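[1] Build me a structure from this.
(one chain, ligands or ions: 2)
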Amino acid sequence: MSQYRTFTAADAVEYAREFGGVDDPASLSEAQEIGDGNLNLVFKIFDRQGKSRVIVKQALPYVRCVGESWPLTLDRARLEAETLTEHYKYCPQHTVKVTHYDPQLAVMVMEDLSSHRIWRGELVKGAYYPQAAAQLGEYLAQTLFHTSDFVLHPHQKKAEVARFINPEMCEITEDLFFNDPYTDHARNNYPQALEPLAASLRTDDALKIAVAGLKHRFFAHAEALLHGDIHSGSVFVADNSLKAIDAEFGYFGPIGFDVGTALGNLLINYCGLPGLLPPREAAEGRELRLNDVREVWNTFAARFLALAEAKTSDVALAYPGYAQAFLRKVWADTIGYCGTELIRRTVGMSHVADMKLIKDEAMRTECIRSCITLGRTLILAADHVEDVDALIARIRQAG
Ligand SMILES: Nc1ncnc2c1ncn2[C@@H]1O[C@H](COP(=O)(O)OP(=O)(O)O)[C@@H](O)[C@H]1O
Ligand SMILES: CSC[C@H]1O[C@H](OP(=O)(O)O)[C@H](O)[C@@H]1O
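    Ligands and ions are numbered 1, 2, ... in the order given. A predicted model of the protein is given here:
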C-alpha cells in the first residue's frame, strides 16, 4: 500500500478523469466530499454543467467517525468492491455498479445514484416507497442464494470463503453487536434515564446465552456472501427502484444476519416514528413499516425457495423439503439478529437518524426504551415465532 495517499477533491477529479469511464473526461471539473457514513471518503464528481456524473469512494486508514486512534484496514475497499461486484452479477437491478477498483489507493469508482435517495432519510420523513420492501427481499434472495452451497461447487465455495475472509470488519461487528451492549463498555451511549434497563441486559442469563449463540453462528456459519451491513442507510431508493451500496462488511456468514439487519432497521424506524412525526402520520407510518417487514420476509422466502427448486446443484441439498427446513433456521436467526441490531443501535455506539432526529428528549428516551425492549423480546423469542404474522403480533404486543 506504499502508493496510498488520502485524496483531496482535486485528486478525486483527476482520478475520475482517468478511471471514471465517462465519454468526455475533460468535462469533469469539480468534486464534493459527501461522505456521511462512519468510515470512508465519498466524492461526487461534477462536470462543467454542474451535473454529477460518477462517484469516487476511498477508504481511510482509520475509522472516519472516530479518527486516527482507531486504525482500520484499507483492504475493506477491496472487500466492498468485490462484494458489490459479486452481488451485481446476481442482482444487477438492486446493486450499485462498481466500474473500477484500485488496491494501491483503496479507491473504487461507481455509478452515481444521485437520482435516488438514502432510504433511512426518507423513512424518517415519513416518505413511503411501496416497492422498496419487496425489492429488498428480492436483493437478499438473489445475492444470498447464488453465493450459497445450494449453488456453488464445494471447491468454489471454499475458495470464495477464503477470498472474502474479512477479519477486521467482522471484529467490529462482533464487538459492536454482540459484546458492547451486554457489558459496561466505554463505547456504549444511551440516555442516563435508561441505565436500569441497560444494566438489566448485562445480567440477563437467558439473553446473554441467546446472544452468545448468535455471535457463535456469526463466527462459524459460512452460509453465503453477506452484504454484512444492509441497514436503511446502505440502501438507495427512488420510484420503483432500490440499490444496495456500502458492502465493506461483506463476508461468508449466516444468511439471517443480513435479513435480520434489514428487518431491524425497519423496526428501529417503527420505534422512532412516534417521536419523528405527528401522532396520526406516525401511526400510519408504523403500519406501513410492519407491512414492509412482512413484505421483505415473504419476498425473500418465496424467491429463495423458488430459486432452490429451480437451481440447486448439490444433490443432497436438492432433496424435497430441505430448502424449507433450512429457511426455518434462517427465520429464527433473522429474528435474533434483528433483535441485536435494535439493541446495538440504541445502547451501543452507532446511533441512527431514526432516534437521533427526535427533538423532544423525553420522547426520544421513550422511543429508545421501546426499541431496546423490543430487541430483547425478539432475541429471547427467536426460536419460538412461528411465522411473520406471529412476529408482527409480538411487535404489536411489545407496544
Ligand atoms: N453511488 C453513490 N451515488 C450517490 N451517492 C452515494 C453513492 N455512494 C455513496 N453515496 C453517498 O455517500 C454517503 C456515504 O456512503 P457510504 O457508502 O454509506 O459510506 P461509508 O462507507 O462511510 O458508510 C451515502 O450516504 C450517500 O449519501
Ligand atoms: C466503527 S464503525 C460503526 C458502524 O458503522 C458502519 O456503518 P456505515 O459504514 O454504514 O456508516 C457499521 O454499521 C458499523 O457497525
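
[2] rest of the way, CA atoms for contacts and neighbours
    OK.

[3] Please name the nearest non-neighbouring residue to the spatially most central residue of the chain.
    Centroid-nearest residue in the chain, with Cα atoms, centre = their mean: residue 230, separated by 1.5 Å. Among residues not flanking residue 230 along the chain, residue 262 sits closest, at 5.7 Å (Cα to Cα, 6 or more residues apart in numbering).

[4] Look at the one you found and say how many residues are nearby.
    When neighbours are defined as other Cα atoms under 10 Å, residue 262 has 28 of them.

[5] and if you look at residue 100?
    Neighbours around residue 100, by other Cα under 10 Å: 14.

[6] Could you give the bridge partners of it?
    Under DSSP bridges, the beta-bridge partners of residue 100 are residue 109.

[7] Please look at it and residue 85 and confirm they touch.
    No. Here residue 100 lies out of contact with residue 85, judged by Cα atoms under 8 Å, at a distance of 10.0 Å.

[8] What count of nearby residues applies to residue 124?
    A count of neighbours around residue 124, defined by other Cα under 10 Å, yields 21.

[9] quick one: contacts for it?
    By Cα atoms under 8 Å, 6 or more residues apart in numbering, the contact set of residue 124 is 269, 273, 276, 353, 354.

[10] what do you get if the cut-off is 10 Å, keeping everything else the same?
    With contact taken as Cα atoms under 10 Å, 6 or more residues apart in numbering, residue 124 is in contact with 269-270, 272-273, 275-277, 285, 353-355, 357-358.

[11] gap between it and ligand 1?
    Counting by Cα to the nearest ligand atom, to the nearest Å, the gap from residue 124 to ligand 1 is 14 Å.

[12] Could you say which helix or strand holds that residue?
    Element membership of residue 124 [criterion: DSSP states H and E] is helix 119-125.

[13] Spit out the contact partners of the residue nearest to residue 230.
    Applying Cα under 10 Å, 6+ apart, the residues near residue 262 are 133, 136-137, 140, 229-232, 234-235, 256, 293, 296-297, 334, 337-338, 341.

[14] any idea how far it is from ligand 2?
    12 Å.

[15] Make sure I have this right: that residue is in a strand.
    No. Residue 262 sits outside any strand when classified using DSSP: H, G, I helix; E, B strand; the rest coil, being helix.

[16] For the nearest residue to residue 363 once chain neighbours are set aside, the count of nearby residues, please.
    Using Cα to Cα, 6+ apart and skipping residues adjacent in sequence, the residue nearest residue 363 is residue 275, 5.8 Å away. Residue 275 is flanked by 24 other residues according to other Cα under 10 Å.

[17] list the contacts for residue 275?
    Counted by Cα under 10 Å, 6+ apart, residue 275 has contacts 124, 282, 354-355, 357-368.

[18] Between those residues, which sits nearest residue 217?
    residue 368 (27.0 Å; Cα to Cα).

[19] Now for the nearest residue to that closest one once chain neighbours are set aside, how many residues are close by?
    In space, and not counting its chain neighbours, residue 368 is closest to residue 346: 6.2 Å by Cα to Cα, 6+ apart. Using other Cα under 10 Å, residue 346 is surrounded by 27 other residues.

[20] Hmm, residue 352 and residue 346 touching each other?
    Yes. The pair residue 346 / residue 352 is scored as a contact, 8.3 Å apart, by Cα atoms under 10 Å.
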